[in-house]
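[1] using only what follows, build the 3D model:
(chains A and B)
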Amino acid sequence: MKSKTKIVALTEFITNVKRKEFIILTLLLPLILLTSMVIPLFFMQTVSHEKETLGVVDETGIVMPVLKERYTDYLIKEIANAEEARQLLENNNISSYIIIEKDFIEKGKVSYYSKIQLSSFSSANMNLERIVSDIAIENLLRNEGISNEVINKVKDPIEMERITVTKTGDEKETPFSFVGNYLLPLFLFMSIMNAGGYLLNGIVEEKENKVVEVLLSTISPSELLSGKILGLGGLGILQVSIWGIGIIAVTKILNIPLITFEKGIIIMIFFILGYFFYSSIFAMIGSISTSTRDSQQISAIVSFIVFIPMLLFFGIVQNPNMAFIRLLGMIPPFTPSIMIMRVLLTETLISDIIISIIILIGSVIVAAKIASKIFNIGILMYGKKPSLNEVIRWIRG
Amino acid sequence: MNLGNKMNIIEIKNVTKRFNGVTAVDNLSFIAESGKIYGFLGPNGAGKTTTIRMIMGIIKPDSGEIKVFGDKISEQNKGQIGYIPEERGLYKKYKVIGLLMYFARLKGMNYTEASKNIDIWLDKVNLKDRANNKIEELSKGMQQNIQLIVSLINDPNLVILDEPFVGLDPINARNMKDIILKLKESGKTIIFSTHQMNEAERLCDHILLINKGKKLIDSLISEVKKKYSKNFVTVEFKNKMPDLKGISIIKNLYYEGNKVEIELIKNADSNKLLELLLEKEDIKKYEISESSLESIFVEVVTNEI
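    Here you go, the predicted structure:
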């Protein structure tokens, strides 16, 4: 590394590592993400215990006693007829009601009325459906003269245990596997976006406060840019290491299986290449922006593109090796995040990993070249934002 | 061209630079010798900053050649030039000492050398007790001084200042002048661009006047004045203003109250005029005035247009 590049890299690293925002992000982000994951779980379990009233219009007379006995998510109120139940719901005396018609078993249908949308997502509602189904099963089978033992077996025939086969052996799936698999890529990308953001702001700031011309009188633009990218990359690695140590500590304490060493290495490769790719893009944005405000608008779009694959998480979980996902893993803006998720979730084909890495390295080289061309010219453009045509001319230049 | 034993610090040969089809610098040639103060003069947009940026290697000429210290500009000899750009700025959040150390290191100084020089310089500009302040906490004048230290920290032989007097109050402008003169005393070569003619007139040994990228004047300031000076005489009469029409050597008259500014025809003798005037009326004051650099500038540039 050239000595001037090293000086820039060290200075960028030291100035940014001392920033309050960096320290806060590094220490608080894991906490915030963890709570945002845990709070919904907490709600799923506790909200149902908060007593609300379920109205029951039971035309059969057999459902009500069983419900009273088994259903604990809501208080239960017996209501004579549908009109009265509707009235009570509209007056908010009850939060929902269920109508059980005389021939509900034959029809195979009961109706649930509530003011809340998407009630099928609540566990209390799912419990209700299961208990009413159980009542139907019990009645049907009992009429056939089947023993209670068999009836209970029919109601709950088997439970599936989910085991993930990995190189280190069999592992039982736990809710933490989800949290771990989802959080890890998220952390890595927060770190890339953070370091990229510092790079972007740094460049725009140097343009805004005109310091860049003094810098360029002592150092070439490419030395300056590579120094910045390396220094801030070091910052990202430090941040990820801190989080990594935290994750290892937590998993050790809670005895949760951790990813293997090989997977860790592959993920780090994608992380580092991903950082270089995105930081080149941020450098381009910084070079053509004239103020912090317009740089932030453009970078918001970039961040969005980066996080799109995160939305595909559930698709990837269902089939990490499906053709579409494999293809997406080879398209540069998505490669790092898709591949990190694939590697985390399954045993990815080694050929896929190698092809993705080669594509990504190629894209990094191209992106860095383009970025340095735009940077060389754009960094001295004060006040006037270049048109797309101009930028293309710079790249060709 | 024989330049004696003076070394050529800067050689610009037939340099042209275009931006988007507009010619900013047009076939410009110029030589700067060591130990002199050079003024780059010209109206706004004349190509001064572009020329300076090309000397600094920040932008490259489309054609022509620039040599600094006898060589092409490179990362090595860049460090030997102290540069203050027109667009001045510093990292606002950096501490004074950290900022100076950063630039000193970028200019190739080692840590001990750099801290020694920083100490000396901060002392020189009375900012030693501000070493641990952030740049944004300093006044504008102080920031100006820090900027100056940044460009002079490694004792460069050539100092280039782009519009050093813009935005300075009279006190800071005087400080700047003192610093420029001190640099000259210690044998440095100084180039500064300006459109303030009075500053150039007082400081420069040599001027380069450019307009629309083309060189109009490139010579010692004394020669410029000799060449472009017109014969002007200011006269104040004791009693009343006599009728001056009919004196053959007078070209033009500009009345100003009790005084009159007389422009003589070319090569006319001002002593002869004095004789002629004394025949008419008693004189209180008779002053042969040189035309200022400013009037030369205006004339040369407007004639060009």
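
[2] show me what contacts B:Val260?
    B:Thr234, B:Val235, B:Met241, B:Leu244, B:Leu253, B:Tyr254 (CB atoms under 8 Å, 6 or more residues apart in numbering or on different chains). For every residue, glycine as well, the C-beta is placed using N, CA and C.

[3] which bits of the stretch 151-300 of chain B sit near chain A?
    B:Ser151 (CB under 8 Å from any CB of the partner chain).

[4] export only the CA atoms of stretch A:360-370, formatted as CSV.
    Once non-C-alpha atoms are left out, stretch A:360-370 reads as follows in CSV (Å, rounded to 0.1, in the frame of the first residue of the first chain):
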residue,chain,number,x,y,z
LEU,A,360,-18.6,-10.3,-7.6
ILE,A,361,-14.9,-9.8,-7.9
GLY,A,362,-15.3,-8.8,-11.5
SER,A,363,-18.1,-6.3,-10.6
VAL,A,364,-16.0,-4.9,-7.8
ILE,A,365,-13.1,-4.2,-10.3
VAL,A,366,-15.5,-2.5,-12.8
ALA,A,367,-17.3,-0.6,-10.1
ALA,A,368,-14.0,0.6,-8.6
LYS,A,369,-12.7,1.8,-12.0
ILE,A,370,-15.9,3.7,-12.8
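
[5] just the buried residues of it, please?
    For stretch A:360-370, burial by neighbour count (16 or more other CB atoms under 10 Å in any protein chain shown) applies to A:Leu360, A:Ser363, A:Val364, A:Ala367, A:Ala368, A:Ile370.

[6] same check on stretch B:116-124?
    Those would be B:Asn117, B:Ile118, B:Trp121, B:Leu122, for stretch B:116-124 by 16+ other CB under 10 Å.

[7] find the pair from the residues you listed with maximum spatial separation.
    For the buried residues of stretch B:116-124, the farthest-apart pair by CB to CB is B:Asn117 and B:Leu122; their separation is 9.5 Å.

[8] quick check, pLDDT for residue 103.
    Since you didn't name a chain, this refers to chain A. A:Asp103 carries a pLDDT value of 88.

[9] my bad, chain B
    With respect to pLDDT, B:Phe103 has a value of 93.

[10] who's in contact with it?
    A:Val214, A:Thr218, B:Val150, B:Ile153.

[11] out of the residues you listed, which is nearest to A:Leu54?
    Once CB to CB is applied, the member of those that ends up nearest A:Leu54 is A:Val214, at 72.8 Å.

[12] what packs against whichever strand or helix holds that closest one?
    Assigned by DSSP states H and E, A:Val214 falls within helix A:212-216. Here helix A:212-216 touches helix B:140-152, going by 3 or more CB pairs under 8 Å, 6 or more residues apart in numbering or on different chains; DSSP states H and E.

[13] got the buried residues for the helix it packs on?
    Judged by neighbour count (16+ other CB under 10 Å), helix B:140-152 contains these buried residues: B:Met142, B:Gln143, B:Gln144, B:Asn145, B:Ile146, B:Gln147, B:Leu148, B:Ile149, B:Val150, B:Ser151, B:Leu152.
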